[in-house]
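> Fold the stuff below for me.
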Amino acid sequence: MSTAPRCDRTEAWSRLADHHAGAGRALDLRQAFAADAGRAEAFSLQAPEVFADLSKNLWDADTRALLLALARECQIEPRRDAMLAGEPINLTEGRAVLHTALRAPRGAAPFGDDVHEVLDRMLAYVEQVRDTATSGIRHVVNIGIGGSDLGPQMVVPALDAYTSPALTLHFVSNVDGHDIAPVLRRLDPRETLVIVASKTFTTQETMANAAVARAWFLAGYGEGGEAAIAKHFAATTTNVAAAAKFGITTTFGFWDWVGGRYSLWSAIGLPIALAIGAENFRALLAGAHAMDRHFAEAPLEQNLPIQLGLLDVWYRNFLGFSSRSVAPYHQGLRRLPAYLQQLEMESNGKSVDLDGEPLPFGTSPVVWGEAGTNGQHAYFQMLHQGTDVIPVEFVAVKTPCYRAEGIADQPEGVRAGLADQHHKLLANCLAQSQALMLGKSTDEAMGESAPTASKALDAATVARHRTFPGNRPSTTLVLDQLTPAALGALIALYEHRVFTSGALWRINSFDQWGVELGKALCNQLLPRFASGDTAGLDGSTAALLGRLRG
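Residues are numbered from 1 along each chain as shown. Down below sits the predicted model:
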């Protein structure tokens, strides 16, 4: 097991606890900015493709210094280096954790020859399919679940400006037939490529959907359908034999050191590459690699993933914040919160340390969110006036980027309107973080008119309803433009942030035994739907099984 100490068993942790008991928990952001004209600059960092304003967070120079001391005492740098070198840091499964090798240049990381052999072969296939005049493919259906779905489904719409207008991507993940049926009914089998994404080619949900897709294809294709499966189906899997039995001859594999939630950089990224092309897929990898180098080489004081991970520990374990909202102010990033839910909660949702000892402190926060400005009209009311303090992470993109054929030929009025909309979007983003911090006092509310307020209420009561406590923290991440390289860097930033907090908590961020438990119980229950046997079941499950069997 790792010899690095657990965070709560360090001298730095004790000093942080003392600091929190004193000035640390009393920080008022409004006073902090009034007292320090340079606070914004002092708490901002530039990493590859990503600028971060951390100044609206509930920490000061002393807090940050103590957190950096905690990172050093927990040996964050040698633990990071062990991961990058390919040591088996996934101790419960005896595996290396090398998603960073998937985006490294040839010769710059372990398994480089293997990685680039698959990458080169996959991207050659991608360009063949994208030649739609020759391939005849107009639609791609990706069938996967978890990391085999969330990553590609997040990235493809985010990079819409770089996607081919000749190909339409569809994603199916849920074992519920209401997911796949509406997709297939719109498609022609002769114009469709189906990707089955399952490392073992046994994932229950994925294989159930693959079987439906195969039956749909054979019924709609007509004569010669069995032979045509080889052209119209591909698999990202290591189980070549099972794929061949299915009729699939085009397969791209990956390795046991690639965790599902870290796999979009591997062959699991096939639908991404089909959407944006080989050159842009390589740019996505290059952006992630640039962030990898920043994580590996930047001093802790300027290391953005490590700074964010330390802030997460401060919030979770000292300020008691159990939730974080992610609000990307870019419609293309609307699936980012869902992607980050798996990345962080599956990685760090653990209750024992590397030695199997129960943890006396909280680990992963609940991660959730919605794209701005939609979220403002849904849950921001709670963020501003609710009883819980929930840190918010804003993601802003300075310059919009539209698919050329969607905007270049539009009238000037349309282009001007879109430019105006983008300014409104960014103004809303800045206003929300400002409002969370500043709030509004009752005296300020008393001095304002409230034309929609009931005339039956006195002014003081109305003012109390219109009071906002403020001093609510937020982080703002800024990309100049949502390019493949920028998105790659942003995702890698989140990956390394999760590693950092997990390393300090001394947990294994790279297994997911909680996922396995539900799968095992499902396999035990499934035959009971046919037999009706409820022997040995708890009363609730037995009753529900009887009701649902129909």
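> Where does the residue of the chain positioned farthest from its centre fall, secondary structure wise?
Using C-alpha atoms, centre = their mean, the residue of the chain lying farthest from its centre is residue 456. It sits 47.6 Å away. Under DSSP states H and E, no helix or strand contains residue 456.
> after the longest helix along the chain, next one along is what?
Assignment by DSSP state H gives helix 412-438 as the longest helix of the chain. Using DSSP H and E, the helix or strand that follows helix 412-438 in sequence is helix 442-446.
> how's the chain carved up into domains?
99-283, 517-549 (automatic domain parsing).
> Tell me which of these lies nearest to residue 425.
Checking those against residue 425 by C-beta to C-beta gives domain 99-283 as the closest, at 15.4 Å. To be clear about C-beta, it is placed using only N, CA and C from the backbone, and glycine gets the same treatment.
> end-to-end on the closest one?
16 Å (C-alpha to C-alpha, to the nearest Å).
> do stretch 502-520 as well
End residues of stretch 502-520 are separated by 26 Å (C-alpha to C-alpha).
> can you list contacts of it?
2, 4-7, 70-71, 74, 76, 79-80, 89-93, 95, 97, 146, 204, 259-260, 309-310, 313, 346-350, 352-354, 359, 361, 363, 498-499 (C-beta atoms under 8 Å, 6 or more residues apart in numbering).
> Among these, which are located in strands?
Among the contacts of stretch 502-520, none falls in strands (DSSP state E).
> Buried only: go through these for me.
Among those, those classed as buried by 16 or more other C-beta atoms under 10 Å are 2, 4-7, 70-71, 74, 76, 79-80, 89-90, 93, 95, 97, 146, 259-260, 309-310, 313, 346-348, 350, 353-354, 359, 363, 498-499.
> Centre-most residue in the chain?
Central residue of the chain (C-alpha atoms, centre = their mean): residue 340, at 2.5 Å.
> Wait, that one touches residue 365, no?
No. The pair residue 340 / residue 365 is not scored as a contact, 10.8 Å apart, by C-beta atoms under 8 Å.
> ranges for the strands of the stretch 51-200 of the chain?
For the stretch 51-200 of the chain, applying DSSP state E, counting those that start in this stretch gives strands covering 139-143, 168-172, 192-197.
> what are the pairing partners of the second one, and which direction each?
Which is strand 168-172. Strand pairing for strand 168-172, using DSSP bridges, gives strand 139-143 (parallel).
> Would you mind listing the buried residues in the strand it pairs with?
Here strand 139-143 shows 139, 140, 141, 142, 143 as buried, counting by 16+ other C-beta under 10 Å.
> Is it correct that the third one is in contact with residue 214?
In other words, residue 141. No. Here residue 141 does not reach residue 214: they are 11.5 Å apart, not a contact under C-beta under 8 Å.
> on that earlier part again, now the longest helix of the chain: how far from the chain's centre is it?
24 Å (C-alpha atoms, centre = their mean, to the nearest Å).
> Residue 141 pairs with what?
In this entry, residue 141 is beta-bridged to residue 170, residue 194, by DSSP bridges.
> Run through the residues that contact it.
170, 171, 172, 183, 184, 187, 192, 193, 194, 195, 213.
> I'd like to know which of these is nearest to residue 494.
Nearest member of the contacts of residue 141 to residue 494, counting by C-beta to C-beta, is residue 171, at 20.4 Å.
> Could you list which residues are in contact with the closest one?
Residue 171 is in contact with 141, 142, 144, 149, 152, 153, 156, 271, counting by C-beta under 8 Å, 6+ apart.
> Go again with 6 Å.
142, 149, 153 (C-beta atoms under 6 Å, 6 or more residues apart in numbering).
> Check the burial of the nearest residue to it once chain neighbours are set aside by counting its neighbours.
Of all residues not flanking residue 171 in the chain, residue 153 sits nearest, at 4.5 Å (C-beta to C-beta, 6 or more residues apart in numbering). Neighbour count for residue 153, taken as other C-beta atoms under 10 Å: 23.
> And for residue 478?
19.
> That one belongs to a strand, doesn't it?
Yes. Counting by DSSP: H, G, I helix; E, B strand; the rest coil, residue 478 falls inside a strand.
> Look at the spatially closest residue to it that is not a sequence neighbour and report its pLDDT.
Nearest residue to residue 478 in three dimensions, chain neighbours excluded: residue 51, at 4.4 Å (C-beta to C-beta, 6+ apart). For residue 51, the pLDDT comes out at 98.
> since we're on residue 51, how many residues are nearby?
With other C-beta under 10 Å as criterion, residue 51 counts 16.
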